[in-house]
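Visitor: got a sequence here, can you build the structure:
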Amino acid sequence: MIINKFIIHVLDKNSDFPVLNGVENSISPETDAFYQKVIRRILRDEDLRKAKFRDYGDNKIRVCADHILYDEASFVVSSQGIAGLMFDAMKINAELDSCDLAVVLYTHKDQKGVAIIKLDYKKLYTHEIAYDEKESLVSIKMVTNEIGIQDSQKITHAALIGPSGLNDEWNLQVLDKLAEKQETDSSFVTEFLKVEKIKDEKFLTKVFKNTTENWITNAYANDVKEAESIRSILNYNLKETNDVDLDKFIEESIKDEARKESYKELMVEKGIDETFNIDKTWVEKKLKRRSIKTNTGFDIKGLLDDFEDPMKYSFKQNEDGSFDITIKNVEFYEEK
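Guide: I've put the predicted structure just below:
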């Protein structure tokens, strides 16, 4: 990855105007490493979503990003335009806090992109040293500084915009981390970027797996054996088939008619009511390992294939509702 250009603008929502930088920032080894790390972290983030611009032709963020991509001489002015739009959105939306807004032109895998990154402030504590001449004493006080940007901070709002092509509206990814956890969109997405998140194969696969696993846990809290059976069918379908047919999965995995109906209603509510292709890359990454935590204090972690191998792992439900977990055929172990 190459950091070609970057610039920082100060957006204080308590002020009447944003502080717009008129000079492109110089790239030092430290800032180069910082933005490379930040952008790579965004690209790897589980909550990063594909998106498309609303009103593609007239979207001001897209226009500014295109100017940066195709006319680098406009970098400063175009970044000011982006920062001004962010400031306007902040002034009318309480959820968007004051920040430094970074606009970065970067190259990744031989393709240029524009990163818009909201760098939130962190409350930091520093010390203030004073000398009392009258008492001949040194006084050290703890003071707060809310204008700190931590090198290791987690980015919660960002956009990565690529060059226009045959499928223009798809060359856009957004990170809307907190809202994504709540299955909604923040003002950063709706009012600032004015984009719409795409329900692509990765998103649908993720929602299907996570929602199904949570449903199994709740619906079969008192029937662990049946829960394990359905999880096994879920994992098999994700690993060994190319698409998900919801009705077929329901018939193969769930026996109880009432549970079939409740599960179907939940999945339709989550937006999964048609057959979709499985994102095999995501599945290979997420279905490698499994972790179990018991109420008796044990954490059991291992490869998913080993959990599903009856020669290595099994469990048995007892008459009192508890169950025994057995790890089999162990020839060697070591203390950690």
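Visitor: how about the closest residue to residue 201 other than its chain neighbours, phi and psi?
Guide: Setting aside the residues directly before and after it, residue 201 is nearest to residue 279 in space (C-beta to C-beta, 6 or more residues apart in numbering), at 4.3 Å. (Glycine included, C-beta is placed from N, CA and C.) Main-chain torsions, residue 279, degrees, to the nearest 10: phi -80, psi 100.
Visitor: could you measure from residue 279 over to residue 85?
Guide: Distance, residue 279 to residue 85, using C-beta to C-beta, to the nearest Å: 32 Å.
Visitor: cool, residue 50 as well?
Guide: 21 Å.
Visitor: what about the residue nearest to residue 201, how many residues nearby?
Guide: By other C-beta atoms under 10 Å, the residues close to residue 279 number 18.
Visitor: please renumber the chain so that the first residue is 181 from this point on.
Guide: All right, first residue 181 from here; so that's residue 459.
Visitor: any idea of the pLDDT on it?
Guide: Residue 459 carries a pLDDT value of 92.
Visitor: same thing with residue 269?
Guide: 92.
Visitor: surely it and residue 276 touch.
Guide: Yes: checked against C-beta atoms under 8 Å, the pair residue 269 and residue 276 is within contact range at 6.1 Å.
Visitor: which residues do those two both contact?
Guide: Overlap of the contact sets of residue 269 and residue 276 (by C-beta atoms under 8 Å, 6 or more residues apart in numbering) consists of 367-368, 372.
Visitor: that's a strand at residue 286, yeah?
Guide: Yes: under DSSP: H, G, I helix; E, B strand; the rest coil, residue 286 sits within a strand.
Visitor: I'd like to know which helix or strand in this protein has the lowest mean pLDDT.
Guide: Across the helices and strands of the chain, mean confidence by mean pLDDT, DSSP states H and E is lowest for strand 317-328: a mean of 62.
Visitor: helices of this protein, start to end?
Guide: 209-224, 240-250, 255-272, 357-361, 367, 381-399, 404-420, 426-433, 437-449, 460-466, 484-487 (DSSP state H).
Visitor: worst mean pLDDT among those helices?
Guide: Of all those, helix 484-487 has the smallest average pLDDT, which comes to a mean of 81.
Visitor: which parts of that helix are buried?
Guide: 484, 487 (16 or more other C-beta atoms under 10 Å).
Visitor: packing partners of that helix?
Guide: Judged by 3 or more C-beta pairs under 8 Å, 6 or more residues apart in numbering; DSSP states H and E, helix 484-487 is in contact with strand 469-473.
Visitor: quick one: strands adjacent to the strand it packs on?
Guide: Counting by DSSP bridges, the strands paired with strand 469-473 are strand 479-483 (antiparallel).
Visitor: who's in contact with the strand it pairs with?
Guide: In contact with strand 479-483 (C-beta under 8 Å, 6+ apart) are residues 468-474, 493, 505, 507.
Visitor: same thing with stretch 416-427?
Guide: Against stretch 416-427 from outside (C-beta under 8 Å, 6+ apart): 384-385, 388-389, 429, 432, 444, 447, 452-458, 460, 463, 467.
Visitor: list buried residues within these.
Guide: 384-385, 388-389, 429, 444, 447, 452, 456, 458, 463, 467.
Visitor: if we can go back for a sec, considering the shared contacts of residue 269 and residue 276, which possesses the most neighbours?
Guide: residue 368 (27 neighbours).
Visitor: ok, now which ones touch that one?
Guide: Residue 368 sits in contact with 269, 276, 298, 337, 356, 359, where contact means C-beta under 8 Å, 6+ apart.
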